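Asks: Got a predicted structure plus its sequence, pasted below:
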Amino acid sequence: MASDERVTLVSSEHEHWTRLAARMATLISEHLGPVAVEHIGSTAVPGIPAKPVVDLAVGVPAERVLRSAKKLASCGFDLEGERPGHAWLSYPDRSARSFVIHVFDVQGAEWGRRLRFRDILIAEDRQRPKYLAVKHQAAAVAEGWGEYTRAKAAVVAEILGDSAHPEG
């Protein structure tokens, strides 16, 4: 899916997505060595409709974020962007994403935030309905992934703030 296309949600294929995530985690570790790789996003949550793209978080020390992203890019991943402590890539490329790989500072707030949000959605049934409602609404009106993500930001922040989980 190109980044400027409408976001389409599909029924959960959690077991399939989990297998894909595990295979990609192995490939990433083959390229980067021992790193933390976590399956994140809606494809990591059983029963949640999602865009059919598996999101992974790769945790490395802060000084290795960009170097690790560039190493993956040299191995065929599409480096889409970067900012301090975070770079993101797609695979096979941004026009036909099957995976989005986020490389984070493993000690950084965004790494903890992404894992905490996934864990909240898995553990807390009461949080899922509000997230599902905003996902469906965002997918129906958003023009592309960036707009889709921005449309969900407020409810994601609310769920993170509403949780009894400590900062990760």
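Replies: Now that the structure is in, tell me what you want to look at.
Asks: where's residue 23, which helix or strand?
Replies: According to DSSP states H and E, residue 23 maps onto helix 14-32.
Asks: Off-centre distance for that helix?
Replies: Relative to its parent chain, helix 14-32 has a centroid offset of 13 Å by C-alpha atoms, centre = their mean, to the nearest Å.
Asks: Stretch 34-51 too?
Replies: 7 Å.
Asks: ends of that stretch, how far apart?
Replies: End-to-end distance for stretch 34-51, by C-alpha to C-alpha, to the nearest Å: 29 Å.
Asks: So which residue is smack in the middle of the chain?
Replies: Central residue of the chain (C-alpha atoms, centre = their mean): residue 55, 3.6 Å from the mean position.
Asks: Count residues in the vicinity of residue 13, would you?
Replies: 15 (other C-beta atoms under 10 Å). Using the backbone N, CA and C atoms, a C-beta is placed for each residue, glycine as well.
Asks: same question, the one 10 residues further on
Replies: Neighbour count of residue 23, defined by other C-beta under 10 Å: 12.
Asks: Please apply the same query to residue 10.
Replies: Neighbour tally, residue 10, other C-beta under 10 Å: 10.
Asks: and what of residue 111?
Replies: Using other C-beta under 10 Å, residue 111 is surrounded by 24 other residues.
Asks: going forward can the numbers begin at 55, since that is how I track them
Replies: Yep, numbering from 55; the last one is residue 165 now.
Asks: next one: the helix or strand containing it to chain centre, how far?
Replies: Assigned by DSSP H and E, residue 165 falls within helix 163-177. Centroid separation between helix 163-177 and its chain, computed with C-alpha atoms, centre = their mean, is 10 Å.
Asks: From the contact counts, what lies against the helix or strand just after the helix holding residue 77?
Replies: Downstream of helix 68-86, the first helix or strand assigned by DSSP H and E is strand 90-94. Under the contact definition 3 or more C-beta pairs under 8 Å, 6 or more residues apart in numbering; DSSP states H and E, strand 90-94 sits against helix 68-86, strand 108-114, helix 163-177.
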